[in-house]
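A.B. asks: Kindly generate the corresponding structure for this input.
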Amino acid sequence: PTEESIMWAEDGSQNQTAFETLDTAIGWIHDAGLKTVVDLHIVNSHHFNAVNDGGENTLFTSEESQQHLLDLWTQLSAHLQKWDNDFLAYEILNEAVADDHDDWNKLVAKGIASIREGEPRRPIVVGSNMWQGAQTFPYLRVPENDPNLILSFHFYSPFYFTHYRASWVGEYSEYDGPVSYPGKLFPVETLDSL
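C.D. replies: Residues are numbered from 1 along each chain as shown. Okay, here's the model as predicted:
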């Protein structure tokens, strides 16, 4: 995962040190015989937790923000296309959170088309709207007849086990008592006190 604010300066210029660091990390992964996905985890116009933090995402309400995302991928693709398709894949955006599933579907189609202009066979990872939850897969639409798409979902159940002590989960974030899995996550009296 990488972020726009790390890879690019506020004026839109590439942060050369960040691009070199990305290359180094990808080189280590390659040398270890592994495969990798480069994903834009956070962009300035979209953060998957903004709705929980009271923030605002403009990616799905602004054509300018959408074009900016496509421009970022044009730059990333130009930089990363040196890596073999069977080694490196792209993920356009991590955990999209659009009010309307169709807004995400339209942006996915634009993103795939943009990358396909320069890299027709690059594997692209696509997840469904609303944090890539499996429950929103029925709403996901991807371009037909593209054999180089990888559909992805994130599964966080049981949530309070997978997000134990995560600062962004609200009322349970400060609980530091025992958690069990499988079985009852917390003793009943603990749940009552929370």
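A.B. asks: how about the CA coordinates for stretch 87-94, as CSV?
C.D. replies: Output of stretch 87-94 as CSV, limited to C-alpha atoms (Å, rounded to 0.1, in the frame of the first residue of the first chain):
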residue,chain,number,x,y,z
PHE,A,87,4.9,-10.5,-10.7
LEU,A,88,3.2,-7.2,-10.1
ALA,A,89,-0.5,-6.2,-10.1
TYR,A,90,-2.2,-2.8,-9.4
GLU,A,91,-5.1,-2.0,-7.1
ILE,A,92,-6.7,1.2,-8.2
LEU,A,93,-8.0,2.2,-4.7
ASN,A,94,-8.3,0.5,-1.4
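A.B. asks: how far out from the middle of the chain is it?
C.D. replies: 8 Å (CA atoms, centre = their mean, to the nearest Å).
A.B. asks: Please tell me how far the closest residue to residue 35 other than its chain neighbours sits from residue 100.
C.D. replies: Leaving aside its sequence neighbours, residue 35 sits nearest to residue 87 (CB to CB, 6 or more residues apart in numbering; 5.6 Å). For glycine as for every other residue, the C-beta is placed from the backbone atoms N, C-alpha and C. To residue 100, residue 87 is 35 Å away according to CB to CB, to the nearest Å.
A.B. asks: Which one's more surrounded, these two?
C.D. replies: Ranked by neighbour count (other CB atoms under 10 Å), residue 87 and residue 100 place residue 87 first, with 14 against 11.
A.B. asks: Contacts only, for that one.
C.D. replies: Applying CB atoms under 8 Å, 6 or more residues apart in numbering to residue 87 gives the contacts 30, 35, 36.
A.B. asks: cool, residue 95 as well?
C.D. replies: Residue 95 touches 48, 127, 131, 132, 154, counting by CB under 8 Å, 6+ apart.
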